[in-house]
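>>> Next input, structure requested:
(one chain, ligands or ions: 2)
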Amino acid sequence: MLSVDEALKLILARAQPLAARTMALADVDGLILAEDVASPIDSPPYDKSIVDGYAVVAADLATGEARLRILEEVVAGEVPRATVTAGTATRIMTGAPIPAGADAVVMVERTSHHAHTDAHHLGTVFIRDADVRAGRNILRRGTSLCAGDVVLRCGAPLRAIEVGILAEVGRAVVAAVPRPRVAILATGNELVEPDQTPAAGQIRNSNGPLLAAAVRAGGGDPLLLGIARDSEEDLRARIASGLQADVLILSGGVSAGVLDLVPSILKELKVAEVFHKLRLKPGKPMWFGVAQREAHQTLVFGLPGNPVSSYVCGELFVRPALERLAGRPGHGLRRLRATLARDVQQRGDRHTFLPAVCHLSDQDQARAEPVTWHGSADLRGLTAANALLSLPPGDRVFHAGEIVDLVLLDQA
Ligand code: AMP
Ligand code: MG
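Numbering: from 1, shown residues only. Ligands and ions are numbered 1, 2, ... in the order given. This is a model prediction of the structure:
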């Protein structure tokens with residue numbers, strides 16, 4: 001049986017970034033940019049005022065005081081017409097272009113305005129400011145970027161900031177790596193959907209919604225395919241439809257029970273098995289394979305049915321694969337080292353992931369404490385956890401105070 005690390009390597013070797021697509025700016029946040037973006041404009045595109053005040057000739061304020069005749073008033077969005085000369089000023093608002101002739105702007109707080117009796121004149125302004133030098137309160141054209149500058153490189157993660165700069169340089173559409181489309185199919189005769197009341201012998205399908213949420217958190221676009229019954233016909237039809245997606249996640253039906261038909265149906269549908277069963281707890285029965293039809297590839301994950309096993313396998317294997325498909329270079333797991341808060345007994349030859357609470361504080365090393373948990377069907381116990389303790393195989397006690405590895409889970 002493969003180890004967890006060997007399994008992850010085999011998966012990542014088959015997860016290539018999806019082909020880039022041209023997308024509307026409103027749809028690209030959270031994605032990876034798939035082109036270099038050069039600006040066709042200078043920014044700012046003109047010399048502009050960064051305060052509300054008066055555009056002046058700085059030399060007029062050499063003594064720290066002046067009375068100037070007001071030529072016009074310019075707000076952002078307008079273009080000044082008059083040239084400022086010695087003895088004159090233009091009333092200007094933040095963001096408006098600097099008029100010709102002016103080389104500084106005095107803040108309105110340092111001025112007092114005197115209206116003129118003649119309605120055709122804007123009056124005069126008295127300025128007292130000992131600190132007016134050429135360039136004061138002017139943001140020069142091209143300060144932030146010049147036409148031709150590459151503002152974002154291919155491969156850049158697109159956050160709100162990058163969406164903003166794309167808008168600034170006029171990129172309403174841009175090439176990005178799309179979200180992987182992930183079909184999710186729960187299997188099991190005992191399952192009913194969450195809005196149904198289970199009859200005797202039935203339970204609700206928690207894995208479908210759980211995996212859809214995990215896929216979304218991992219940057220994928222989930223598509224719930226409902227529940228397949230443990231019959232060859234139903235599995236065949238639903239799995240075939242799931243193979244249209246970039247990734248198909250199945251839950252249940254991969255163990256050794258008489259109705260665990262998933263591996264044989266996958267084989268029949270020409271999904272090439274890469275591995276089945278891992279030295280992992282929880283998650284031993286996990287299955288992984290690849291379907292290749294012409295140019296289209298689907299990564300197929302057969303996760304064990306128990307909800308905690310499904311979730312853990314999703315975090316350990318599906319999430320890193322989704323990141324790779326989405327063009328992200330990392331391998332998805334947020335690992336951390338922490339001091340163990342109490343003794344933990346590890347037994348057997350399987351890499352074990354135990355739900356734990358990780359206490360993070362600024363002062364000291366993170367501290368990890370296993371939560372009360374009753375095994376792979378105990379999803380409720382997992383709700384107290386924000387991390388998984390990662391304990392390598394072998395019989396031994398991990399002692400309180402030891403430094404151990406953790407995988408951090410999504411934080412609320
Ligand atoms: P299986 O892997 O199909 O043998 O299922 C293992 C255990 O997980 C059984 O107790 C199933 O009832 C349970 N199980 C399977 N699928 C789901 C699901 N979608 N939601 C909740 N529990 C499930
Ligand atoms: Mg089953």
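>>> what separates stretch 323-337 from the chain centre, distance-wise?
Between the mean C-alpha location of stretch 323-337 and the chain-wide mean there is a distance of 11 Å, by C-alpha atoms, centre = their mean, to the nearest Å.
>>> Can you tell me the closest non-neighbouring residue to the closest residue to ligand 1 within the chain?
Nearest to ligand 1, among the residues of the chain, is residue 305, at 2.4 Å (C-beta to the nearest ligand atom). All C-beta spots, glycine's among them, are computed from the backbone N, C-alpha and C. Here the nearest residue to residue 305 in space, its sequence neighbours aside, is residue 252; by C-beta to C-beta, 6 or more residues apart in numbering that works out to 3.1 Å.
>>> list the contacts for that neighbour?
Residue 252 is in contact with 186, 187, 188, 191, 207, 260, 262, 303, 304, 305, counting by C-beta atoms under 8 Å, 6 or more residues apart in numbering.
>>> Now do the same contact list for the third one.
Applying C-beta under 8 Å, 6+ apart, we find residue 188 in contact with 205, 227, 229, 230, 252, 253, 305.
>>> which among these end up buried?
205, 227, 230, 252, 253, 305 (16 or more other C-beta atoms under 10 Å).
>>> Ligand 2: which of the residues you listed is nearest?
Each of those was checked against ligand 2 using C-beta to the ion; the closest is residue 252, at 3.8 Å.
>>> Look up phi and psi at the closest one.
For residue 252, the backbone dihedrals are phi 90, psi 170 (criterion: degrees, to the nearest 10).
>>> quick one: it from residue 287, how far?
In this structure, residue 252 and residue 287 are 11 Å apart, going by C-beta to C-beta, to the nearest Å.
>>> Show me whatever sits in contact with both of those two.
Counting by C-beta under 8 Å, 6+ apart, the shared contacts of residue 252 and residue 287 are residue 262.
>>> which element is residue 200 on?
Under the criterion DSSP states H and E, no helix or strand holds residue 200.
>>> partner residues bridging residue 407?
Going by DSSP bridges, residue 407 is paired in beta bridges with residue 335, residue 388.
>>> right, and it touches residue 391 too?
No. Applying C-beta atoms under 8 Å as the test, residue 407 and residue 391 come out as separate, 11.3 Å apart.
>>> out of those two, which sits in the busier spot?
The residue with more neighbours, out of residue 407 and residue 391 and counting by other C-beta atoms under 10 Å, is residue 391; that gives 22 against 19.
>>> Against ligand 2, how distant is the more buried one?
When C-beta to the ion, to the nearest Å is the yardstick, residue 391 and ligand 2 sit 27 Å from each other.
>>> residues contacting that residue?
344, 346, 351, 352, 353, 354, 398, 404 are the contacts of residue 391 under C-beta under 8 Å, 6+ apart.
>>> Could I get those residues in TSV, plus columns for neighbour count, pLDDT and secondary structure?
Conversion of the contacts of residue 391 to TSV gives the following (neighbours: other C-beta atoms under 10 Å; pLDDT from 0 to 100; DSSP: H, G, I helix; E, B strand; the rest coil):
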residue	neighbour count	pLDDT	secondary structure
344	21	98	strand
346	18	97	strand
351	21	98	strand
352	19	98	strand
353	24	98	strand
354	22	98	strand
398	19	98	strand
404	19	97	strand
